[in-house]
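Peer 1: no sequence on this one, just coordinates:
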């Protein structure tokens with residue numbers, strides 16, 4: 001499995017922005033599709049965004065479309081989640097995830113192999 005470490009969470013006012021980072025180690029990063037999920041207290045884990053190995057494909061959850069952008073830098077073994085126009089309902093622990101895949105343009109919404117420890121994002125109204 002690949003090891004994942006998230007950073008960049010914090011407290012922000014509604015309408016503000018944050019950028020989360022996820023650094024991978026232990027395996028060849030470019031062999032993995034990457035995803036972001038979130039979980040608010042008392043709620044199930046929710047898919048946020050995914051990006052394929054080769055950056056060709058991205059997928060977003062309906063609640064973040066047009067506000068969040070997923071990207072990756074394979075040279076830095078890092079995936080990012082740029083979050084703009086944040087709302088209080090975006091408050092959650094955000095998790096980075098990796099899925100080994102041989103499909104170059106797969107951006108999966110489930111069945112991930114490895115998970116990070118999570119980073120807290122709190123949006124105040």
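Peer 2: Arrived safely, thanks for sending. Since the structure is predicted, the reported quantities are computational estimates derived from the model, not experimental observations.
Peer 1: Give the bridge partners for the spatially most central residue of the chain, please.
Peer 2: Nearest to the mean C-alpha position of the chain, counting by Cα atoms, centre = their mean, stands residue 36 at 2.4 Å. Beta-bridge partners recorded for residue 36 (DSSP bridges): residue 49, residue 96.
Peer 1: Let's see the pLDDT reported for it.
Peer 2: Looking at residue 36, its pLDDT reads 98.
Peer 1: and if you look at residue 117?
Peer 2: Listed pLDDT for residue 117 reads 97.
Peer 1: Ok, residue 56 next?
Peer 2: So residue 56 comes in at 82 (pLDDT).
Peer 1: From residue 65, how far out is it?
Peer 2: For residue 56, the distance to residue 65 (Cβ to Cβ, to the nearest Å) stands at 18 Å. Just so you know, the C-beta spots here come from the backbone N, C-alpha and C atoms, and that holds for glycine as well.
Peer 1: How about residue 123?
Peer 2: Counting by Cβ to Cβ, the gap from residue 123 to residue 65 is 17 Å.
Peer 1: out of these two, which sits in the more crowded spot?
Peer 2: residue 123 (20 against 10; other Cβ atoms under 10 Å).
Peer 1: can you map out the strands along this protein?
Peer 2: Using DSSP state E, the strands of the chain run over residues 3-7, 10-13, 18-25, 32-39, 46-51, 58-60, 68-73, 78-83, 92-100, 114-115, 119-124.
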